[in-house]
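A.B. asks: I would like the atomic coordinates for the input below:
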Amino acid sequence: MDFISVAYLGFLGILIVLYYLVPKNRQWILLLVFGIFFYSCFSLKMWIFLLFTAVTTYLYARFFCGSGRWLFMITAVNVLALFLLKLSASGLSFVNGLGLDRFAVLLPVGISFYTLQTIAYMTDVHKGRIEAQNNFLKYLLFITFFPQILQGPIPRYEELGSQLYEGRAYKTENLRDGAYLILWGFFQKMVIADRCNIVVNEIFGNYTGYDGLYFLIGGILYSLQLYTDFAGCVSIASGSAKMLGIELTQNFAHPYFALSIKDFWRRWHISLSRFLKDYIYIPLGGNRKGKLRKYSNLMLTFFISGIWHGIGTHFLIWGLLHGFYQVMGEVLLPVKKGLLKITGMEKGCFAHRFFSRLFTCFLVMTAWIFFRAESTSKAVYMVCHMFMKWNPWILFSGQLYALGMTEEEWLLLILCMILLIVIAVLHEKGIRIRESFAKQPLIFRWLILFAWIFVILIAGIYGPGYDSAQFIYGGF
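C.D. replies: You can find the predicted model right below:
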C-alpha cells in the first residue's frame, strides 16, 4: 500500500475515526492491528525477517541486556541478514550465479530502517538509557508503526514509545496540521520529484548520448528529485502520525542550505545522521584519540553508510566521498581562512554564505551522481564529461525539451524550485509558514487548500493507472 494512493487515504481515514472512538488505553492495540495490516499489504513473506528481528531484539532487551557479547551477536546476526537479503536483490552476476537471487522476494520493505531502529533500542537498553519494554506486542508496535516503517525517520524508543502507548485525545489542530503536511508531501513528490524523474531517467539512462552541461543539469535535477521524493515521503509520514496526535522526529532541515558537508549531514536524513554518530562514530572513538584516528573513524562511518544504502561500488564511493569531503574540509581549513583573508571576505557575510552553499551543493551533487548511477564507470564518465564540453547554448536552443518535458513543464519546475527556496529562507529566519497559515481566516485557508489540491491534481505526474512513481528511499 503506497502512500500515494487512494487506498492509503482510505486506510488512514478509517484508522483516524476508530482511533478517536476507542478508549485511550486501547488505542495502541488499534495502531498495532492497522500496522500489521498495512505491512501485510506488501507481502506476507516479509514478516519472516521482521518477526525474526523483533523476537531476537526483544529477547535480548528483556533477558540478556547486561551482556555485551549477546548484544554483539544479535546485532551481527540481524546486520548479516540485512546484508545478505540486500545482496540477493542486487542483481550482481555472481549473486545470480550462486542462486541467491531467489531470496530477493523475501527482502522486507523497510528492513534497512527497522534494523537500525532495533539496534539503537538494544544499545540504549544495554547502556541503561531506557527501560526494556516488557510487553512484546507493544514492542512490535514500536517497530511496525506504519507511517515510519517504510522510509523512516528512524525513531528512538524514548522519543516514540510513550506516544504510542499513552493514547491521545482528539484535537482539531492535529488533523489540520497533519493534513497540511500530507498535502505538502504529495506536492513535493508528485509535482516536483516525479517531474524531475523524467529528465533524470533520460540523461542517466542514455548518458553516452549527452555531454557537458547535460550532466550538470542531470545532477542538479537528481539532487532536487531525491530531496523532494524523500522529504515528501517523510512529510506524508509525519502528517499521518500528526493526525493521530503523534510527533515523529524531524528528518530534514533544508540540507541544500548547508554551509559545509558537516553542516549538510546535520540537515540531511537527520535520524540516520544521529544513528551514525551515536552508534558508530562515537563508539569507534569519535574525535577523542587524535586527528588521524578521527579521520579514520569518519571514513569508516561513511563507508558503513554507503553499505547501508545499497550493494555496489558506486554506493561505497558515494559514502567515502562524503567522508573524504569532511576530512579535507578540516585539513584545508587554514587554506580557507587564508583565502578569506586575501579576498577580504568576512566569515558569515552574504558572499561567504552564498559561495559556501554553492560549493557544498556542488560537492553533494557530484556524490549524488555516483549514488544514482548503476555503476562506478558510468558515474565517472558523467562526472568527467561534465567538464569536457562547454555547451551553455542548450539552455536557449530548445534542446532541453527533447529530454521529456515541455516548455511549460520546465517553467513549472523552475517556479517550484523558487517556492522551495523561498520557504527555506523563511524557515531559516524562524518563520513557520504552517503556523502563520493557521492564523488566517477560515475561508482564506479553505480557498488556499482547494487551490493546492487542484495544483497537485492538475500538475502532478502520474504513471499507469494514475499511480505515482515509487519513492526512491523505499528501495533502501
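
A.B. asks: Report the contact partners of residue 387.
C.D. replies: By CB atoms under 8 Å, 6 or more residues apart in numbering, the contact list for residue 387 reads residue 212. Heads up, the C-betas are built off the backbone N, CA and C, glycines and all.

A.B. asks: er, residue 120 I mean
C.D. replies: Here residue 120 is in contact with 154, 156-157, 275, 278-279 (CB under 8 Å, 6+ apart).

A.B. asks: Now it: which helix or strand?
C.D. replies: According to DSSP states H and E, residue 120 maps onto helix 111-126.

A.B. asks: what does residue 422 give?
C.D. replies: Here residue 422 is assigned to helix 407-428, by DSSP H and E.

A.B. asks: and for the helix or strand that that helix is followed by, what are the contacting residues?
C.D. replies: The element immediately downstream of helix 407-428 (helix or strand, assigned by DSSP H and E) is helix 433-438. When contacts are defined by CB under 8 Å, 6+ apart, helix 433-438 is touched by residues 173, 176-177, 180-181, 423, 426-427, 445, 448.

A.B. asks: out of those residues, who's nearest residue 147?
C.D. replies: Residue 147 lies nearest to residue 181 out of the contacts of helix 433-438, by CB to CB, at 10.6 Å.

A.B. asks: what about the helices in the stretch 301-450 of the chain?
C.D. replies: 313-331, 333-343, 350-372, 376-385, 407-428, 433-438, 442-459 (DSSP state H, counting those that start in this stretch).

A.B. asks: buried stuff in the fifth one?
C.D. replies: The neighbour-count check on helix 407-428 (16 or more other CB atoms under 10 Å) flags 409, 412-413, 416-417, 420 as buried.

A.B. asks: how distant is that helix from the center of its chain?
C.D. replies: Distance, stretch centre to chain centre, for helix 407-428: 20 Å (CA atoms, centre = their mean, to the nearest Å).

A.B. asks: three-state assignment of residue 143?
C.D. replies: Under DSSP: H, G, I helix; E, B strand; the rest coil, residue 143 falls in the helix class.

A.B. asks: Over to residue 211?
C.D. replies: Here residue 211 is coil, with the state taken from three-state DSSP.

A.B. asks: I figured it hits residue 384, correct?
C.D. replies: No - using CB atoms under 8 Å, residue 211 makes no contact with residue 384, being 10.4 Å away.

A.B. asks: okay, and for the chain, where does confidence drop off?
C.D. replies: 90-106, 463-476 (pLDDT under 70).

A.B. asks: quick one: furthest residue from the center of it?
C.D. replies: Distance from the centre of the chain peaks at residue 342, with 39.3 Å (CA atoms, centre = their mean).

A.B. asks: What residues does that residue make contact with?
C.D. replies: Contacts of residue 342 (CB under 8 Å, 6+ apart): none.
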